[in-house]
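# one predicted model, sequence on top.
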Amino acid sequence: MKWWLLVLLAVASSAAAHKESDAYLTLATDASTPKLLHGQFDVALRDIAFVMDVDANHDSALTWGEVKSSRARIERYVLDAITVRGDGLACDIRPTGQAIASHNDGAYDVILFDAVCDKAIPSRVTIDYRLFKDVDPYHRGIITVHAGERVAGAVLGPKTSSAALDLRAIDYWSQFKSFVVDGVWHIWTGPDHLLFILSLLLPAVLYRRTATPTSLVSGVGLQLSGGARWMPVPKLSGAMVELVKVISGFTLSHSLTLTLSVLGYVDLPSRLVESGIALSIIIAALNNVYPSVTRRAWVIAFAFGLIHGLGFASALAGLSLPPAAMATSLGGFTLGVELGQESIVLPFLPLAFLVRRTRFYQTGIVRWGSVAIIAIAGLWLVQRAFDIVVPGAALLTPG
Amino acid sequence: MSPAVNPAAMRASDAKGHRWSFPRVCGSRVATMRRVAGALVLALLCVGSVAAAATRGPYVPSADDVVLEHLPSTSDARVRRFTSLKRIAAAKPGDVAGVVALANSYLDYGRDTGDARYLGRAQAVIAPAMRRRPAPVDVLLVQATILQSRHQFDESRQMLNDILARDRDNMQAWLTLSSVALVQGDLAGAQRACAHLIGSADALVTAGCIGSRATVAGDATTALHLIDTLLAQEPNEPPAIQSWAHGLLADASRYLGKNTRADAEFKRALALAPGDNFLLADYADFLLDRGREREALDLVKAYSQSDTSFLRQVLAESALGLPIARADTAAMASRFSDLEQRGDSRLYGREEARFALHLQHDAARSLRLAQANWRIQRAPEDMRIYLEAALAAGQPAAAQPVVDFVRRTGFEDPIVHALAAQVTRAISMPVTAGRQAP
């Protein structure tokens, strides 16, 4: 048989006669039982018969008796293909009944079930859908979730296999709060951002004075380190002003790139960004050991903040929200990052101010601390830029 | 056992706060409805489609021996064929020939029966082989056929060109390419592709390729002679090929106004391929155009499971003024809303535009659908519905792209020509525009 001749016939001008495979998954909250969702899953009998032997007597006529006696097998297959979850929420799917429904393209088995969750159903639930993933990539799950008066829906298939559905109107305030917390934790648990801030912070209670004042190039702020030495700043307020400038510069620039990146206007490879962050730490710390930029440290902070912002964006990767919710999330996260930074800076400054005159601080902390930072960041740079696994470095690796 | 989800309760809430895309469609339909009764039917229909689109249920059948569904019969040779090929492919998962044979048996069965599920099943069969680099040519061919069947014509064409870059003498690829080109309105591309078949492929198939293009390009006489001659020379062709050739003869005869001949050819083609979904649709359209609605209805009514046949059935019922037409129009609307819900409405743009114009009498919506469809398909049927919708909507200028296209490319469909002339007249006489609708 010349099969290729037959394919020609498929080429007629019209589409196939009826639609491809759909299944209908419906979930509904229960006003009296907050941890429960009632579910109904309509799956075409023709689709079920394609993946398992339900026609017991092989007469091609599928009866209610045959479908009933396959109930356990069908439930296992079909209910294994869905997950109902939420933010910290796990749900157990338990079958509760079987029925039949007629849809436009034939009879469907109706699998009734309860999703029994470990907490009260939150305002947003996520459905993962895997039904017939391996046997029919054009299968679609039509998802509908009813929460009181509200109905949310999605169409899922192999390409888009999960959907997060809002069961209540978005609560901007709690969303803002949760992103503030995210931002704070991102700083506290991200050693690279911490080390960068620390590198800028260490010399904040000191200033450089050259042994030969004539070599000072007035107004430019660049000077050779030869012969210069650290001097304690006379007043806390002066140190404070310098620090505010540095932190503001950093915040300004990282907010800028964070926003651009999350909104999709900037997209750099993460290897480049992560390497850039490591490099920025090295340069900032190196500047403490061999000072070259001793005034206007905020300029360094601003410049390198640009790349750190792209790094923060990775924490929000995949965030895709309506504009108002997006603004809320970004604003909350930025504020959180800021609070995280301040929580380190504010206690550090008075302490450093007290011990700024000591050799312990000037040499032990500023010099050797910076050397240690350079070593750690150097390790990161090698790892990130060249994708090399450095033994023992895992302890120091962020994330 | 009682249903855990109460569909009645769902419907009550659906009517208000849903976020689906179809309420927009439902709303616009309801807004344009003139009769309250009609609006009510549609409103119920729309609400029903939100609540899991069930037309009935959930219910518990009254007895164990109630037959719920007829499955592909094991007494059907085509079913036995894919069942055994499935076993062979499972035994040798990496074997390309086995995979291709199974995928093609699914496509053949799906085409014959009109069950689109087999497209996805064929796609799943070739998925592992498609991940190879480079993917085998035979597997790419199956993929191109699936893409074409799902109206992803540009993607299909791209894949066929990739195949031909690797294998210049792949006759199947040229043949499929000519069909894709034709449905996209690319007469020159179809001709180039057919030319590659000459001398290398089966003579009747080559004649069919050339003939199908010649018919729409205004040379139906040549098509008729060519296919007639080769059909006589090759009496031992498989029935499917003969059926296809007779279908092309019917088409060419129709273009030439030889209605008796066209009628006979359609009947011969259907006798060779009973129940063929495409032939049924074409023949029913032929009958509907000639006021033979009763014959059209008798032809397709046994195939109402097929959306294309069902559309013709409802068109015939409506033209005959049968009371069932109203309920069936609602049923057809529900099928379209199923498609829209799964995101596949573009597959049936041509059919839905016809439905909107002739059964829902919503010319503006029909025009929008025809315009969207025009971006995908440009066969004479697509030109026709676009022109008809523009005239009926009183926006003849909206069909200017079709008029220009016909003029530029040399399509010669008599119905399309008459409509295009009407559109041109209506544009030059804007005052009477809108009253010229057929």
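Yep, it's here.
# all helices of chain A, in order?
A:3-7, A:45-51, A:64-69, A:71-79, A:172-188, A:191-201, A:236-262, A:270-289, A:297-313, A:323-355, A:359, A:368-386 (DSSP state H).
# just the stretch 201-350 of chain B next, same as before
Taking DSSP state H, counting those that start in this stretch, the helices of the stretch 201-350 of chain B run over residues B:203-216, B:220-233, B:239-255, B:259-272, B:277-289, B:293-300, B:307-320, B:324-342, B:349-354.
# including mean neighbour count and mean pLDDT, could those helices go into CSV?
To be clear about C-beta, it is placed using only N, CA and C from the backbone, and glycine gets the same treatment. Shown next, in CSV, are those (neighbours: other Cβ atoms under 10 Å in any protein chain shown; pLDDT from 0 to 100):
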stretch, mean neighbour count, mean pLDDT
helix B:203-216, 24, 93
helix B:220-233, 18, 94
helix B:239-255, 23, 94
helix B:259-272, 18, 96
helix B:277-289, 23, 94
helix B:293-300, 20, 96
helix B:307-320, 23, 95
helix B:324-342, 20, 91
helix B:349-354, 25, 94
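# JSON lines for these, including distance to chain A?
Formatted as JSON lines, the helices of the stretch 201-350 of chain B follow (distance: least, Cβ to the nearest Cβ, whole Å):
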{"stretch": "helix B:203-216", "distance to chain A": "6"}
{"stretch": "helix B:220-233", "distance to chain A": "13"}
{"stretch": "helix B:239-255", "distance to chain A": "5"}
{"stretch": "helix B:259-272", "distance to chain A": "11"}
{"stretch": "helix B:277-289", "distance to chain A": "4"}
{"stretch": "helix B:293-300", "distance to chain A": "11"}
{"stretch": "helix B:307-320", "distance to chain A": "5"}
{"stretch": "helix B:324-342", "distance to chain A": "4"}
{"stretch": "helix B:349-354", "distance to chain A": "8"}
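# nearest to A:Ile300 among these would be which one?
Nearest to A:Ile300, of all the helices of the stretch 201-350 of chain B, is helix B:324-342, at 54.8 Å by Cβ to Cβ.
# show me what that closest one is packed up against.
strand A:22-29, strand A:140-147, helix B:22-32, helix B:36-50, helix B:307-320 (3 or more Cβ pairs under 8 Å, 6 or more residues apart in numbering or on different chains; DSSP states H and E).
# still on that earlier bit, to A:Ile281, which of the helices of the stretch 201-350 of chain B lies closest?
Per Cβ to Cβ, nearest to A:Ile281 of these: helix B:324-342, 50.8 Å.
# how far off strand A:140-147 does that closest one point, in degrees?
90 degrees (axes from the mean of the first three to the mean of the last three Cα atoms, to 10 degrees).
# residues of the stretch 301-438 of chain B that sit close to chain A?
B:303, B:305-309, B:331, B:334-335, B:338-339, B:341-344, B:347-348, B:350-351, B:377, B:379, B:381 (Cβ under 8 Å from any Cβ of the partner chain).
# now do the helices in the stretch 1-150 of chain B.
Using DSSP H, counting those that start in this stretch, helices in the stretch 1-150 of chain B cover B:7-17, B:22-32, B:36-50, B:77-91, B:96-113, B:117-130, B:137-149.
# report the buried residues of the fifth one.
So that's helix B:96-113. Applying a neighbour-count criterion of 16 or more other Cβ atoms under 10 Å in any protein chain shown, one finds B:96, B:98-113 buried in helix B:96-113.
# alright, that wraps it up for me.
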